[in-house]
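Novice: pasting the sequence and the predicted coordinates here, then a few questions.
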Amino acid sequence: MDGSSNINFFQSVRVGREGSTFARSIRALGFLFDCWAKYDGNRDSSYEEIESGALRVIAFTKFSRHFSNVWNNLFKEDIENFRRVIENGTAEDLKNIITFPSPWTEVSGPHGRQPGIYESGQGPPIYQIEILFKLQQLGQMQFFQIEPPKDSPSNPAHYKTIIKRGMEQPDEELFLVIFTEKEKKKFKRLGAYYQTP
């Protein structure tokens, strides 16, 4: 199979599943950010941590972009298994595949490349941090606590915005229950990676 058909299939998996894919992606990002924030040792200064378990928006978008890139690569590696299971697999087979790509597109922003979306494929991009902040304002998202600066309270993309954990994660298995066994293993491995100095 050539690379272009993999790209077309990759894009078609997103269509019609955006809500589910965004919800899973945000939940996974919340899990990984929680893993990162729990680390209580000394970190390399390149993490740009401003206080224990908190990042400014630029560092947070780098963190999120890294997760999106890694996840998309893992999904692409698993495309053939995904196709096989979708076409004629069993419920047992479903446990052993990655079922969704990252829904985020890398878009240009005021602080460089960052995750975002183009609404209806046109117009200016909507940055991931803006979407997460809107969900926070609506009371629909507990995974992050986004704090824009006092002099710009409605601008989550402001370079002084701080992102913290929104809540302590409950039992890991309970939190990851919506994911396949393979996805859980990958998230746990990534979580362990993010807990290193």
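Specialist: Received the coordinates, thanks.

Novice: and the residue nearest the centre of the chain, which of the three is it?
Specialist: In the chain, the residue lying closest to the centroid (Cα atoms, centre = their mean) is Leu29, at 3.8 Å. At Leu29 the chain is in helix, as set by DSSP: H, G, I helix; E, B strand; the rest coil.

Novice: got the contact list for it?
Specialist: Counting by Cβ atoms under 8 Å, 6 or more residues apart in numbering, Leu29 makes contact with Ser64, Phe67, Phe143. Just so you know, the C-beta spots here come from the backbone N, C-alpha and C atoms, and that holds for glycine as well.

Novice: where is pLDDT lowest across these?
Specialist: Lowest pLDDT of those: Phe143, 89.

Novice: can you tell me how far that one is from Lys95?
Specialist: In this view, Phe143 and Lys95 are 24 Å apart by Cβ to Cβ, to the nearest Å.

Novice: tell me the contacts of the nearest residue to Ser154 once chain neighbours are set aside?
Specialist: Closest residue to Ser154 apart from its sequence neighbours, by Cβ to Cβ, 6 or more residues apart in numbering: Pro148 at 6.8 Å. Applying Cβ under 8 Å, 6+ apart to Pro148 gives the contacts Phe133, Ser154, Asn155, Pro156, His158, Lys160, Thr161.

Novice: related to what we said a few turns ago, tell me the spacing between the residue nearest to the centre of the chain and Gln128.
Specialist: With distances taken as Cβ to Cβ, Leu29 is found 9 Å from Gln128.

Novice: joint contacts of those two?
Specialist: Ser64.

Novice: just the helices in the protein please.
Specialist: For the chain, helices defined by DSSP state H occupy the ranges 3-14, 18-38, 57-77, 79-88, 91-94, 128-137, 172-175, 181-194.

Novice: so where's this structure shaky on pLDDT?
Specialist: 1-18, 43-49, 121, 169-170, 197 (pLDDT under 70).

Novice: circling back to that earlier point, more neighbours: Phe143 and Lys95, which one.
Specialist: Using other Cβ atoms under 10 Å as the criterion, Phe143 and Lys95 rank with Phe143 on top: 21 against 15.

Novice: got the contact list for the more buried one?
Specialist: By Cβ under 8 Å, 6+ apart, Phe143 lies in contact with Ile26, Arg27, Leu29, Gly30, Phe31, Phe33, Asp34, Arg165, Gly166, Met167.

Novice: one more time with 7 Å
Specialist: If a contact means Cβ atoms under 7 Å, 6 or more residues apart in numbering, then Phe143 has Ile26, Arg27, Gly30, Gly166 as its contacts.

Novice: before we move on, back to that, filter the contacts of Pro148 down to the buried ones, PyMOL style.
Specialist: To isolate the buried subset of the contacts of Pro148 in PyMOL, counting by 16 or more other Cβ atoms under 10 Å, use the following:
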select buried, resi 133+155+156+158+161
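
Novice: save the contacts of Pro148 as a markdown table, and put in distance to Asp40 too.
Specialist: As requested, these are arranged in a markdown table below (distance: Cβ to Cβ, whole Å):
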| residue | distance to Asp40 |
| --- | --- |
| Phe133 | 27 |
| Ser154 | 33 |
| Asn155 | 31 |
| Pro156 | 27 |
| His158 | 28 |
| Lys160 | 25 |
| Thr161 | 24 |
